[in-house]
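>>> Okay, here's the prediction I keep looking at, along with the sequence it came from:
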Amino acid sequence: MPDHAEPPTPRTPSGAASNPDPVPPRRPFDAVLFDFHGTLAQVEDPVGWVLAGATACGVTLDRVRATSLADRLITAGRAGGPLPTRVPPHLAEVWADRDLYTYAHRDAYVGLAATVATDIEGLADALYDRLLGPEGWLPYTDTASTLSTLKAAGVPVAVVSNIGFDIRPLFAAWELTDLVDAFVLSYEVGRCKPDPGIFLRACGMLGVDPERALMVGDTPADAGAVRAGLATLVLPAAEAGLANGLTATLALALPVK
């Protein structure tokens with residue numbers, strides 16, 4: 001062999017030439033956007049919700065009656081619960097605007113609850129008020145650890161929610177406020193998911209390009225972030241008090257070691 005000859009190219013067992021250049025490391029995302037309900041937290045058990053609402057009205061219910069009322073109230077429409085089977089015509093306007101105005105959110109859900117005969121004066125309002133406090137929600141068991149890990153890695157986080165009230169007091173009560181860099185709430189910004197504008201607003205608040213951000217949610221509205229240029233991870237919502245698979249976010253958002 002001549003002195004200047006190159007050594008043969010190494011070959012894999014299949015006979016194909018191997019790539020001498022290493023595969024470049026996967027680039028992590030620069031920011032993560034999270035949905036709130038069904039992604040970071042879940043509403044409390046329906047029966048417990050009704051029991052607490054009745055207690056606020058000075059009424060003690062037995063569990064059998066509370067269960068029956070809970071079933072009917074969920075069917076009528078509960079904030080944080082499944083969509084109502086029917087929206088009465090007199091509530092159609094506030095229902096359409098529920099995530100854009102605080103008054104509409106309250107009027108819609110109090111109005112839906114009031115369609116259920118309960119014989120408990122003030123129950124519809126008490127049930128709605130329960131929603132506004134941290135007692136009415138449970139963060140998923142992997143929420144705090146996921147947000148903490150992202151914070152420690154220097155990955156900014158925004159909470160992007162279609163909602164008609166301020167959820168910041170909930171995060172403060174759960175001692176999670178310092179782990180969130182921005183709250184982007186539909187009633188404050190005037191846009192609802194899947195409108196690309198709400199996702200672009202969140203990216204702007206975090207100072208990142210949409211193409212370098214990941215949206216994590218549990219509904220097709222969250223997946224609408226792809227129209228704004230974001231990558232999207234959709235996780236099925238878990239029951240209250242469980243983990244919601246949020247560690248999958250870390251596998252995507254943090255550098256591979």
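Yep, it's here.

>>> Please count neighbours and contacts with C-alpha atoms only from this point.
Noted.

>>> Least confident secondary structure element in the chain?
Among the helices and strands of the chain, helix 247-253 carries the lowest confidence by mean pLDDT, DSSP states H and E, at a mean of 92.

>>> which outside residues touch that helix?
28-32, 142, 146, 149-150, 155, 214, 216, 233 (Cα atoms under 8 Å, 6 or more residues apart in numbering).

>>> Who are the contact partners of Lys151?
Val157, Leu179.

>>> try 6 Å this time
By Cα atoms under 6 Å, 6 or more residues apart in numbering, no residues touch Lys151.

>>> For Val87, see how far away it is.
41 Å (Cα to Cα, to the nearest Å).

>>> now swap in Gly229 and tell me
Taking Cα to Cα, one finds Gly229 at 34 Å from Val87.

>>> for Ala76, same thing?
Taken as Cα to Cα, the span from Ala76 to Val87 is 8 Å.

>>> And these two? Which one has more around it.
Ala76 (22 against 17; other Cα atoms under 10 Å).

>>> got the contact list for the more buried one?
Pro84, Leu112.

>>> And the strands in this protein?
Secondary structure of the chain (DSSP state E): strands at 31-34, 41-43, 137-139, 157-161, 182-185, 213-217, 231-234.

>>> Tell me, how many residues neighbour Arg212?
When neighbours are counted by other Cα under 10 Å, Arg212 comes out with 17.

>>> can you check Ala152 too?
10.

>>> Could you list the low-pLDDT ranges of this structure?
1-27, 256-257 (pLDDT under 70).

>>> can you list the domains in it?
Following automatic domain parsing, the chain resolves into domains at 31-42+137-253, 44-133.

>>> Show me which of those domains has the highest average neighbour count.
domain 31-42+137-253 (a mean of 19; mean count of other Cα atoms under 10 Å).

>>> now the end-to-end length of that one.
So domain 31-42+137-253: terminal residues 8 Å apart, Cα to Cα.

>>> Stretch 216-236 now?
11 Å.

>>> and it, how far out from the chain's middle?
On the basis of Cα atoms, centre = their mean, to the nearest Å, stretch 216-236 sits 10 Å off its chain's mean C-alpha point.

>>> I'd like the contacts of helix 247-253 as a markdown table, with distance to Pro82 appended.
Output for the contacts of helix 247-253, formatted as a markdown table (distance: Cα to Cα, whole Å):
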| residue | distance to Pro82 |
| --- | --- |
| Pro28 | 34 |
| Phe29 | 32 |
| Asp30 | 33 |
| Ala31 | 30 |
| Val32 | 26 |
| Asp142 | 23 |
| Thr146 | 26 |
| Thr149 | 31 |
| Leu150 | 30 |
| Val155 | 32 |
| Leu214 | 26 |
| Val216 | 20 |
| Leu233 | 21 |
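
>>> so which of those residues would you say is closest to Val43?
Relative to Val43, the closest of the contacts of helix 247-253 is Asp142; by Cα to Cα it sits at 15.7 Å.

>>> distance of the spatially closest residue to that closest one that is not a sequence neighbour from Gly38?
With sequence-adjacent residues excluded and distances taken as Cα to Cα, 6 or more residues apart in numbering, Asp142 is closest to Ala243, at 5.2 Å. According to Cα to Cα, Ala243 and Gly38 sit 11 Å apart.

>>> Perfect, I'm done here.
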